[in-house]
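Undergrad: sequence first, then the predicted structure, then my questions.
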Amino acid sequence: MNQLRWSPNILIKDNAVDSFWKEHFAEEGRKLLFVLGKGFDVRMNFALSRLLNARPDINLECILIEFDEGKTSSSLDYNPLVTENMEEFEKIMESRPIQVKKIKMKNKSGKRGRIVGDRNAADLIKSHSEIESFTDIIVDISSLPRGIYFSLTGKILKLIDQNQQNQQNLFLTVAENVKIDSQIQETDLEEDLTYLYGFGGQIELEAEKEQPLIWFPILGEDKSAHIKKGADKIMEDKTRLHEICPVLPFPSKDPRRSDALLIEYHNLLFDSLDIEPQNIMYTTERDPFQTYIQLSDAVANYRESLKVLNGCKFALSTFSSKLISIGTLLVAYENPEFVGILNINSGGYQILDESEIKNLKQESELFVTWLTGSPYHQQSPKNSN
């Protein structure tokens, strides 16, 4: 972990996005694959709409991912929102080509079924030949579940990395809106926790279980049940040394957010889990590359300190925004031998106020993270704000 892959890096923030798309896709010969999820989140078409408004002449194909969560999923209660989103999507796309790919989120084994969505997401694109004709790929995670976009992004990155002669550009886009996030509550948390497919970090290999396990949960509002389940998973092997280092978003758009989170989780963190105050970390809310750098530094420091114990393993969990979660994805992708992603899956969702999330939609901010492609083949790409 000496030289970080994504330092320097390129992040394009809301006000600069439209002009960036106009300039980038003005180049002759560009062909774009745009991947997004079909869902009830009002931000489903936010990034796509901004892109096509900026560059209506773009040569674009789309993959629309549909999710089969089962007949009992609470997400089905919000089908009217899905219908509204799809009507908008079809209007935006006009006659452009669309591939619909379906993902089964669970299989039927066991009492409640087993989560397989992350594995199936990685199988959506099986080989580089399926994407080699595109100069650019955008994965919009605004309406994709965390387990899906982690495994899918990891697979696409790997395919591009394995074909280094091809300087394809891969972008992740997300419509960031903490207020909408707080309105969409995850329900019916899964009992059997596993590390995401492609992001196991070799944590559960029998030969590695003597190594201490360090857990970095990135905190967001109303996630007590998630934190408890994650902590139970980390501590399930009573013979394995562990340490928990909660990560708070700061600086953030709401300057008091980290203080409010500390108040919300005070009893859980300091009484129930007996976490030392010096274990608390902070990471910026609005720059996933900084999250990646800060977590990478923390991982490197722990590895150096624990050399005498033959090293250690790391689990990352994001209970906060999707923007921050991109940083954890990059750390785990870069360090597959000792960093894993512990994801707490939910069986459904509850929207607190449907009219409110519609009203809040236009307050969303669009972020573009440029993960691989032409700038990274140059000497010194710079962070763009």
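TA: Received it, and whenever you're ready, just let me know what you need. Numbering: from 1, shown residues only.

Undergrad: switch to C-alpha atoms for all contacts and neighbour counts from now on
TA: OK.

Undergrad: which residues of the stretch 151-300 of the chain fall in strands?
TA: 169-176, 184-189, 194-195, 213-218, 242-244, 247-249, 281-283 (DSSP state E, counting those that start in this stretch).

Undergrad: reformat those as a markdown table; add mean neighbour count.
TA: Shown next, in a markdown table, are the strands of the stretch 151-300 of the chain (neighbours: other Cα atoms under 10 Å):
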| stretch | mean neighbour count |
| --- | --- |
| strand 169-176 | 22 |
| strand 184-189 | 16 |
| strand 194-195 | 19 |
| strand 213-218 | 23 |
| strand 242-244 | 19 |
| strand 247-249 | 25 |
| strand 281-283 | 18 |
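
Undergrad: nearest to residue 367, of those strands?
TA: strand 169-176 (5.5 Å; Cα to Cα).

Undergrad: can you list the strands that the closest one pairs with?
TA: The strands beside strand 169-176 in its sheet (DSSP bridges) come out as strand 136-140 (parallel), strand 365-372 (antiparallel).

Undergrad: same list, the strands of the stretch 151-300 of the chain, but as CSV with mean pLDDT please.
TA: Shown next, in CSV, are those (pLDDT from 0 to 100):
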stretch, mean pLDDT
strand 169-176, 98
strand 184-189, 88
strand 194-195, 90
strand 213-218, 98
strand 242-244, 97
strand 247-249, 97
strand 281-283, 97
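
Undergrad: arrange those in CSV, one row each, with distance to residue 93 as further columns.
TA: Converted to CSV, these look like this (distance: least, Cα to Cα, whole Å):
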stretch, distance to residue 93
strand 169-176, 18
strand 184-189, 27
strand 194-195, 36
strand 213-218, 36
strand 242-244, 46
strand 247-249, 36
strand 281-283, 37
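
Undergrad: so what's residue 174 closest to, chain neighbours aside?
TA: Spatial nearest neighbour of residue 174, chain neighbours left out: residue 142 (4.8 Å); criterion: Cα to Cα, 6 or more residues apart in numbering.

Undergrad: neighbours around that neighbour, how many?
TA: Other residues lying near residue 142 total 27 when counted by other Cα atoms under 10 Å.

Undergrad: okay, now the domains of the chain?
TA: Listed by automatic domain parsing, the domain ranges of the chain are 10-181+353-377, 191-344.

Undergrad: minimum distance to residue 4: which of the ones you listed has it?
TA: Residue 4 lies closest, by Cα to Cα, to one member of the domains of the chain: domain 191-344, at 7.7 Å.

Undergrad: and the closest one, how far out from the chain's middle?
TA: 14 Å (Cα atoms, centre = their mean, to the nearest Å).

Undergrad: let's number from 36 now, not from 1
TA: With 36 as the first residue, the last one maps to domain 226-379.

Undergrad: that one spans what distance, first to last residue?
TA: Its first and final residues considered, domain 226-379 spans 9 Å by Cα to Cα, to the nearest Å.

Undergrad: gap between the residue nearest to residue 209 and residue 292?
TA: Distance, residue 177 to residue 292, using Cα to Cα: 22 Å.
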